[in-house]
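Novice: test case, fold it:
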Amino acid sequence: LAALGILLGLLAGAWGGGLLMFADSLGTEVEDRDTVTDAIVVLTGGSDRLSGGLALLEAGKGRKLFISGVHKGVDLPDLLRRAHLPPAEPAARVTLGHAADDTVGNAAETAAWIEAEGFASLRLVTAAYHMKRALLEFRRAMPRVAIVPHPVYPDAVKTREWWRWPGTASLLATEYTKYLAARLRYLFFPKLPERKP
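Specialist: Numbering: from 1, shown residues only. The predicted model follows:
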C-alpha cells in the first residue's frame, strides 16, 4: 500500500507539473499571421473561431474555408445567425462539414476534404487551449499537409493566473488530460485505420 501511495503521488506530481507546462505553452497571440495557405479550417465551438476564420478568408489568407463539426441540418446562414455574426459575403468559398463529433472526427473529415480539393496546406483555427490536441490529430491524419496554427483566445478563458479561475482551471485540466490520452493513443496505435473507399 505504501508503494502504491508513493506511485500515485509521483503520477499526480508528474500530471500537475505537466499541466503547468501545458498552460504556460498556450501563449497569448498568433505567432504566424502572414503565411498564406490553400485552405482555412475552423473547428466549431465558439463564435471567436468562426469570426476569425471568416476574417482570414476575406484577408486572402486562404482560397477556401472549411468549417468542421457543424450540427447536421445547419447551413451557413443558420451558423452565422447562431454565432451572432453578419451574413458572409464569400459564401461560395465556404464549405460546412457535418460528419465530425470530436477532434478525431474533425481531423478525419478535414483530411477527406483537403484530399478532394487537392490542397497541400491549411491554417487551423481553434481555441488556444485546444490547439495542441487538434494539431496532434490533424498532423496524424494529414502527415504531408503543411498546417499553420491560428489559435484564438476567448475572453471567457483566463490564461493569466488561470488557477484563480475555477472554470478555466477545470477546462485546462480536462483538455490537458485529453491531450495526454491522445498522445498515449498515438504512441500505442501510431497508424490510422485505412479509410473505406
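Novice: export the helix or strand of the chain with the lowest mean pLDDT as CSV, just CAs?
Specialist: When the helices and strands of the chain are scored by mean pLDDT, DSSP states H and E, helix 2-24 comes last with a mean of 75. Only the C-alpha atoms of helix 2-24 are listed here, as CSV (Å, rounded to 0.1, in the frame of the first residue of the first chain):
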residue,chain,number,x,y,z
ALA,A,2,2.9,2.4,0.8
ALA,A,3,4.5,1.7,-2.6
LEU,A,4,1.2,2.2,-4.3
GLY,A,5,0.7,5.5,-2.5
ILE,A,6,4.2,6.7,-3.5
LEU,A,7,3.5,5.7,-7.1
LEU,A,8,0.2,7.5,-7.2
GLY,A,9,1.8,10.5,-5.6
LEU,A,10,4.5,10.5,-8.3
LEU,A,11,2.0,10.2,-11.0
ALA,A,12,-0.1,13.1,-9.6
GLY,A,13,3.0,15.2,-9.3
ALA,A,14,4.0,14.5,-12.9
TRP,A,15,0.5,15.2,-14.1
GLY,A,16,0.4,18.5,-12.1
GLY,A,17,3.8,19.6,-13.5
GLY,A,18,2.7,18.7,-17.0
LEU,A,19,-0.4,20.8,-16.5
LEU,A,20,1.6,23.8,-15.5
MET,A,21,3.8,23.4,-18.7
PHE,A,22,0.7,22.9,-20.8
ALA,A,23,-0.9,26.1,-19.5
ASP,A,24,2.3,28.0,-19.9
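Novice: centre of the chain to the helix or strand following it, how far?
Specialist: Using DSSP states H and E, the next helix or strand after helix 2-24 towards the C-terminus is strand 39-43. Averaging C-alpha positions (C-alpha atoms, centre = their mean, to the nearest Å) puts strand 39-43 9 Å from its chain's average.
Novice: could you do stretch 71-85 as well?
Specialist: Centre to centre, stretch against its chain (C-alpha atoms, centre = their mean), the figure for stretch 71-85 is 19 Å.
Novice: first vs last residue of that stretch, how far apart are they?
Specialist: Stretch 71-85 has an end-to-end distance of 17 Å (criterion: C-alpha to C-alpha, to the nearest Å).
Novice: check residue 76 and give its pLDDT.
Specialist: Here the pLDDT value assigned to residue 76 is 85.
Novice: what packs against the least confident helix or strand of the chain?
Specialist: Helix 2-24 sits against helix 166-188, with contacts defined as 3 or more C-beta pairs under 8 Å, 6 or more residues apart in numbering; DSSP states H and E. C-betas here are computed from N, CA, C, even on glycine.
Novice: who are the packing partners of the helix it packs on?
Specialist: So helix 166-188, by 3+ C-beta pairs under 8 Å, 6+ apart, packs with helix 2-24, helix 128-141.
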